[in-house]
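Visitor: dropping a prediction and its sequence here:
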Amino acid sequence: MNIEEVEAELAENADAGYRDFSGKLTPTQYPMTGVRIPILRKLAARIVKSGFGETYLQEGKRDTHEQIMLAGFVTAALGGTPDEYLRRLDAFMPYIDNWAVCDCVLSSCKAVKKFLPTA
């Protein structure tokens, strides 16, 4: 997988009707293209599974709401040590500008449970 393939898939899955609907509910400084969240989650999983996750986080664009969501889902899915995970989350935080990115991405951070002490 590479950046061009990711961008092509985002463009292919853009939905103007969903963009207009989401735009009314989600205040953001970034333009929306209308890619649905389940598609973004599946794409993020494929990016990580292909071994392209770290490269995507370093080189992928952050120009649209959906690109930011995708980067967040990749961040959440990568895992690693607690320090690696927190470093990636810390790098992602400046892109959170609305409730949807915050809720969707942070609720996807399942690896955090592994780092918590058991009672």
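Guide: Cool, got the structure.
Visitor: and the nearest residue to Ala77 once chain neighbours are set aside, how far is that from Phe73?
Guide: With sequence-adjacent residues excluded and distances taken as Cβ to Cβ, 6 or more residues apart in numbering, Ala77 is closest to Val48, at 4.5 Å. Any C-beta I mention is one placed from the backbone N, CA and C, and that applies to glycine too. As judged by Cβ to Cβ, to the nearest Å, Val48 and Phe73 stand 9 Å apart.
Visitor: returning to that earlier point: hmm, Thr75 and the residue nearest to Ala77 touching each other?
Guide: No - distance between Val48 and Thr75: 9.7 Å, which falls outside the contact criterion (Cβ atoms under 8 Å).
Visitor: can you tell me the element the residue nearest to Ala77 falls in?
Guide: helix 37-49 (DSSP states H and E).
Visitor: can I get that helix in CSV? Just the C-alpha atoms.
Guide: Taking Å, rounded to 0.1, in the frame of the first residue of the first chain, the C-alpha atoms of helix 37-49 are listed here in CSV:
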residue,chain,number,x,y,z
ILE,A,37,-16.6,6.1,9.1
PRO,A,38,-16.9,2.3,8.6
ILE,A,39,-15.0,2.7,5.3
LEU,A,40,-12.3,4.7,7.1
ARG,A,41,-12.0,2.1,9.9
LYS,A,42,-11.6,-0.7,7.3
LEU,A,43,-9.0,1.3,5.3
ALA,A,44,-7.0,2.0,8.5
ALA,A,45,-7.0,-1.7,9.4
ARG,A,46,-5.7,-2.6,5.9
ILE,A,47,-3.0,0.1,6.1
VAL,A,48,-1.8,-1.3,9.5
LYS,A,49,-2.0,-4.9,8.3
